[in-house]
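Chemist: 3D model of this:
(one chain, ligands or ions: 1)
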Amino acid sequence: MLKPPPRYQLVTTEDGSETLFSEAFNEACHSTAGARAETRFHYLEGCRLSELLHSFDEINILEVGFGTGIGWLETLAFFKNYPQKKLNFTSLELDAALLSWSVPEAKKINALTYELEQDNSKLRVLIGDARHSIHTLPSEHFHAIYQDAFSPKRNPTLWTHQWFTDLKRVAHPDCTLATYSASVSIRKSLLKSGWSVFEGPAFAQKRSSTRANLSGVMDPEFLAKLNTHAIAALDDKDFL
Ligand SMILES: C[S@@+](CC[C@H](N)C(=O)[O-])C[C@H]1O[C@@H](n2cnc3c(N)ncnc32)[C@H](O)[C@@H]1O
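Modeler: Reported below is the predicted structural model:
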């Protein structure tokens, strides 16, 4: 078994796949109910990849947090079934050690960029604080966003309304953003930055999850509940 990078512990989850526990964030990258299953459930299915393939020959995906690389590996495996389609997978990650651990074959292009091309798929990982690297990405580009930072409690800067405003800029008009989090504060952050927000299905023991897009009509009852909830959207200035 591969030794984990420094300050991470390997954890085997209930579907047999492995995740990493980060000592820095004091949290695991996935649910213990199944790292692979959770990734497929929230991101491949949550972002409607199969449906996107009906409309586009080339799909651009943005992942927030490369972590163990499972998001990339599962998406790559999915695209192997569609050799005539093209996948461009961009991931934003703070810790370069994770990439060297999970995808050592990725080529270092410059101090902050790693790339890997395989058949019909291309991976690009931008190392550094996602709040800075996002400004290098093109507007209206990504058909799917895997919002997979650590929890809002542990990793609040990637759940603020400013962050979701930046994600909105890079989102293609048909983009779906999916995340495992069902917290009211992150839903309010999404709403404040102009996303339409929807309750997503529950994985394992969770209550629900969240999906968002740029053109959907929100359920009026869900919207009213969010608007009247005492909990506020997260604001970057509270985490300086
Ligand atoms: C839940 S894990 C991601 C799991 C990953 N998608 C996977 O498939 O394994 C969250 C990741 O976000 C990264 N992260 C946390 N804060 C960040 C930031 N400000 N900028 C970029 N990456 C960040 C962490 O280093 C960690 O790898």
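
Chemist: and Lys153, how many neighbours?
Modeler: 13 (other C-beta atoms under 10 Å). Where C-beta positions appear, they are placed from N, C-alpha and C, glycine not excepted.

Chemist: state the three-state secondary structure for it.
Modeler: coil (DSSP: H, G, I helix; E, B strand; the rest coil).

Chemist: wait, Asp236 sits on Phe164?
Modeler: No. Under the criterion of C-beta atoms under 8 Å, Asp236 is not in contact with Phe164, lying 10.7 Å apart.

Chemist: higher neighbour count, those two?
Modeler: The residue with more neighbours, out of Asp236 and Phe164, is Phe164; 26 against 17, by other C-beta under 10 Å.

Chemist: what does the helix or strand harbouring that one rub up against?
Modeler: Secondary structure assignment for Phe164, by DSSP states H and E: helix 161-170. Helix 161-170 is contacted from outside by 62, 64, 130-131, 134-135, 137-142, 145, 147, 157, 177, 188-190, 192-195, 214, 233-236, using C-beta atoms under 8 Å, 6 or more residues apart in numbering.

Chemist: PyMOL command to pick out the buried ones of these?
Modeler: Buried subset of those, written as a PyMOL selection, criterion 16 or more other C-beta atoms under 10 Å:
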select buried, resi 62+64+130+134+137+142+145+147+157+177+188+189+190+192+193+195+214+233+234+236
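
Chemist: show me the contact partners of the helix or strand Tyr114 falls within.
Modeler: Per DSSP H and E: Tyr114 is located in strand 113-118. The contact list for strand 113-118 (C-beta under 8 Å, 6+ apart) reads 76, 96, 99, 103, 105-109, 122-127.

Chemist: pull it out as CSV, backbone CA atoms only.
Modeler: Output of strand 113-118 as CSV, limited to C-alpha atoms (Å, rounded to 0.1, in the frame of the first residue of the first chain):
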residue,chain,number,x,y,z
THR,A,113,0.6,24.0,-13.0
TYR,A,114,0.7,20.2,-13.5
GLU,A,115,-0.8,18.5,-16.6
LEU,A,116,-1.5,15.0,-17.8
GLU,A,117,-3.0,13.9,-21.2
GLN,A,118,-4.6,10.5,-21.6
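
Chemist: anything in that strand near the ligand?
Modeler: No. Contact of strand 113-118 with the ligand (C-beta under 6 Å from any ligand atom) is absent, the minimum separation being 13.5 Å.

Chemist: let me know the average pLDDT across that strand.
Modeler: Strand 113-118 carries an average pLDDT of 97.

Chemist: and the helices in this structure?
Modeler: For the chain, helices defined by DSSP state H occupy the ranges 35-39, 49-55, 70-79, 96-102, 130-133, 161-170, 184-192, 220-228.

Chemist: buried deepest among these, which one?
Modeler: helix 35-39 (a mean of 24; mean count of other C-beta atoms under 10 Å).

Chemist: mind giving me the packing neighbours of it?
Modeler: With contacts defined as 3 or more C-beta pairs under 8 Å, 6 or more residues apart in numbering; DSSP states H and E, the packing partners of helix 35-39 are helix 70-79.
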